[in-house]
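**Q** quick one, what's the 3D model for this:
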Amino acid sequence: MTEPPFRRVVVIGAGLMGTSVALALRRSGVEVLLEDADPGNLRVAVSLGAGVPVTPPVSSGDATGGGPADLSDPTDLVVVGVPPAALGTVIAEALARFPAAAVTDVGSVKAAALADTRAHASAGPGLDRYVGGHPMAGSEQSGPLAARADLFDGRAWAVTPHVDSRPDAVAAVDQLARTCGAFPVQLSPGEHDEAVALVSHLPQVASTVVAGLLTTAAEGHLVLAGQGLRDVTRIAGGDPELWTQILSANAEPVARLLHEAADNLHRVAHNLEKRDAGEAGLADLRNSLERGATGVRRLPGKHGARPEAFSPVPVLLPDRPGELARLFADVGAAGVNIEDVRIDHSPNTPAGLVELWVHQDTVPALLEALAHHGWDVHG
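**A** Numbering: from 1, shown residues only. Model (predicted):
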C-alpha cells in the first residue's frame, strides 16, 4: 500500500474550499483534522467524512466522528480556508500554533493575504513556512454541503511563494495540489493577483452586472432565456459578502480591467448608435466581435488542447428518465469519447438540447452511431 503524502494535515475553515481539500486528502488516505468557528459547518464536514474535529463536539449526542483530536502529534501542513478578511490573522496564528508545519491557504487574493500575514506575524515565528495557494476551482454555491473530493481534479492550483518561503514549504504546497488532483502553477503573489483579476474577478463582475439587469426585466421576456444567458449569469449567484471581500482585496487590477472593459462597451454602443452613418461604424463593430472570438480561441481546452480541436454535436434529448444515460451509452459503444457536455432545457418543452463536444476526427463515427440508434441530431 502506498504511503500517504502527508502524515497529518490540519484544515482551518470547513466551508466549500476547506472541506473539499479535506475530502480530497482523505481520498488519498491522509489524516485530516478540522477546525471551524461555526459548529454547524464543522459537524457537516465531519459527517461527510472530511476529517475529525480539533475542537470538541457541541454535545455528546452530535455525530461528529468522536472527540477532539490530539494536537501533540506532528502536523505536516496547515491549510487555511477562511474568508479573505480573516486570512492574515488566522495564517499568523497557525504559524505560531504549529511550529513544525508548512502553512498555506486557499484564498483568492495573494498579495493582500501575504501583507496581512506579515503584519500579524512580524514578531512571531515561521513566516518562511508560509506559502500562498489558490486552487482555480469552486462553485457559485457555498458551505460544506457543496464540497466534493473531485472539485480540484484536473484544475490549476496557483502556488505563490514569497521571497522568504522555504523550499520545503513550497514543495509541501506543490504536493498538496497534486494530492488533491490539481496541477500546480507557480507564480509570485503579484503575478497571481494580476492573472485572477482577468480570468476570475472580472468575469464575476461582468456576470453580476448582466444578471442585475434581469431584476427589472418583464417576465415574458425572461421566458425566452436560453443557455447563453444562463452561461453568462451562472456565477452571479455567488455569495455577495465573500465577493465583496475578494474584490476589495484585489481592487486595483480589477478596477483597471473594468475601466478597459467599460471603454470597449462604450465603443460598441457608440458604433451601434451610428450604424446608419456608414460602413466605418459597422467595420469597427465587426472588429470588436472578431477580437472576442480570437480571445475565446486562446483559452486552453481539455488536456491543454486548443478548443478548435473539438466540435459540438447537438442532440435532441427527450425529457424522460434514463434518456441521458442511454445517449451516453450509445456514444460510448461507438468508441467516441465525450470531451464536454452542455444541456439546454427550454421552458415549457418536453425535450432539451444536449451539445456533445467531441474531437473533430470522431464526428463522422458519432453521427453514424447516433443515426443508427434513432437520435435526432440538430444542425
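
**Q** so Pro74 belongs to a strand, correct?
**A** No: Pro74 is assigned coil when assessed by DSSP: H, G, I helix; E, B strand; the rest coil, not a strand.

**Q** now the helices for the stretch 201-350 of the chain?
**A** All helices of the stretch 201-350 of the chain, identified by DSSP state H, counting those that start in this stretch, fall at 202-213, 219-222, 227-233, 240-249, 251-273, 279-298, 323-333.

**Q** how about these in TSV, adding distance to Ala147?
**A** Placement of C-beta: from N, CA and C, glycine included. Output for the helices of the stretch 201-350 of the chain, formatted as TSV (distance: least, CB to CB, whole Å):
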stretch	distance to Ala147
helix 202-213	20
helix 219-222	31
helix 227-233	24
helix 240-249	15
helix 251-273	27
helix 279-298	30
helix 323-333	25
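
**Q** least reliable of those helices by average pLDDT, please.
**A** Lowest mean pLDDT of these: helix 279-298, a mean of 83.

**Q** quick check: angle from that one to helix 251-273?
**A** Here the directions of helix 279-298 and helix 251-273 differ by 140 degrees (axes from the mean of the first three to the mean of the last three CA atoms, to 10 degrees).

**Q** what about the residue lying closest to Ala111 once chain neighbours are set aside, how many residues close to it?
**A** Closest residue to Ala111 apart from its sequence neighbours, by CB to CB, 6 or more residues apart in numbering: Pro189 at 4.4 Å. When neighbours are defined as other CB atoms under 10 Å, Pro189 has 21 of them.

**Q** show me the contacts for Pro189.
**A** Applying CB atoms under 8 Å, 6 or more residues apart in numbering to Pro189 gives the contacts 110-111, 113-114, 132, 160, 162.

**Q** is Glu191 within a helix or a strand, and which one?
**A** helix 189-196 (DSSP states H and E).

**Q** ramachandran angles for the residue nearest the centre of the chain?
**A** What sits nearest the mean C-alpha location of the chain, by CA atoms, centre = their mean, is Ala137, with 2.0 Å. The phi/psi pair for Ala137 (degrees, to the nearest 10) reads phi -150, psi 160.

**Q** quick one: contacts for it?
**A** By CB under 8 Å, 6+ apart, Ala137 lies in contact with 20, 151-152, 155, 182.
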